[in-house]
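the sequence isn't on hand, but the structure is:
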């Protein structure tokens, strides 16, 4: 999957947020701490591993592929990829108003570990909290 396709999928998946550019995805590709889990041409997850902790930087599916269980399949693949790279703990943050993503993470074993008030700024100038979540892989 090319950085251009990743940028297109990201923009479509998160229309209320600033779209990440192909150049930004190229930067992640060249970062030795980052990795991508790819689900065919439908979506991807981007993680960064440091000292046994993996942070989910983003997970994005094309809108037409959402709500079909593919997000869970991609997240499970991401977890396997992270564990194979030595991760023992998974961290992420999700927008408070992203109900479907929060539900997915909770069903996968993540629990809330904190909040960042007003962290996400929307294209309409509104803000929403970031919910911090954590999963220890031995718990899965």
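Received it, and whenever you're ready, just let me know what you need. Bear in mind the structure is a predicted one, so any value in this text is a computation, not a measurement.

where in the chain is pLDDT low?
Under the criterion of pLDDT under 70, the regions of the chain flagged as low confidence span 139-140.

which residue is nearest the middle of it?
Nearest to the centroid of the C-alpha atoms of the chain, with distances taken as CA atoms, centre = their mean, sits residue 58, at 2.6 Å.

so what's it up against?
Residue 58 is in contact with 10, 20, 45-46, counting by CB atoms under 8 Å, 6 or more residues apart in numbering. Any C-beta I mention is one placed from the backbone N, CA and C, and that applies to glycine too.

10 Å instead, please
Residues near residue 58 by CB atoms under 10 Å, 6 or more residues apart in numbering: 6, 9-10, 13-14, 17, 20, 25, 28, 44-47, 92.

cool, and residue 82?
So residue 82 contacts 35, 37, 45, 47-49, 53-56, 88-90, 137 (CB under 10 Å, 6+ apart).

give the buried subset of those residues as a ChimeraX selection command.
The buried subset of these, as determined by 16 or more other CB atoms under 10 Å, is captured in ChimeraX by this line:
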select :35,37,45,47,48,49,54,55,56,89,90,137
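
need the contacts of residue 82 in TSV with secondary structure and distance to residue 80, can you?
As requested, these are arranged in TSV below (DSSP: H, G, I helix; E, B strand; the rest coil; distance: CB to CB, whole Å):
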residue	secondary structure	distance to residue 80
35	strand	11
37	strand	8
45	strand	11
47	strand	11
48	strand	16
49	strand	13
53	strand	16
54	strand	11
55	strand	16
56	strand	13
88	coil	14
89	strand	15
90	strand	11
137	helix	10
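
just the contacts of residue 82 now: which is nearest residue 124?
Nearest to residue 124 among those: residue 56, at 25.1 Å, using CB to CB.

who's the nearest residue to the closest one once chain neighbours are set aside bridged to?
Once its chain neighbours are removed from consideration, residue 56 has its nearest residue in residue 92; the separation is 3.9 Å (CB to CB, 6 or more residues apart in numbering). Residues found in beta-bridge contact with residue 92 (criterion: DSSP bridges) are residue 56, residue 133.

may I see the contacts of residue 82 organised as TSV, with distance to residue 72 added?
As requested, those are arranged in TSV below (distance: CB to CB, whole Å):
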residue	distance to residue 72
35	19
37	13
45	11
47	16
48	21
49	21
53	22
54	17
55	19
56	14
88	21
89	20
90	14
137	16
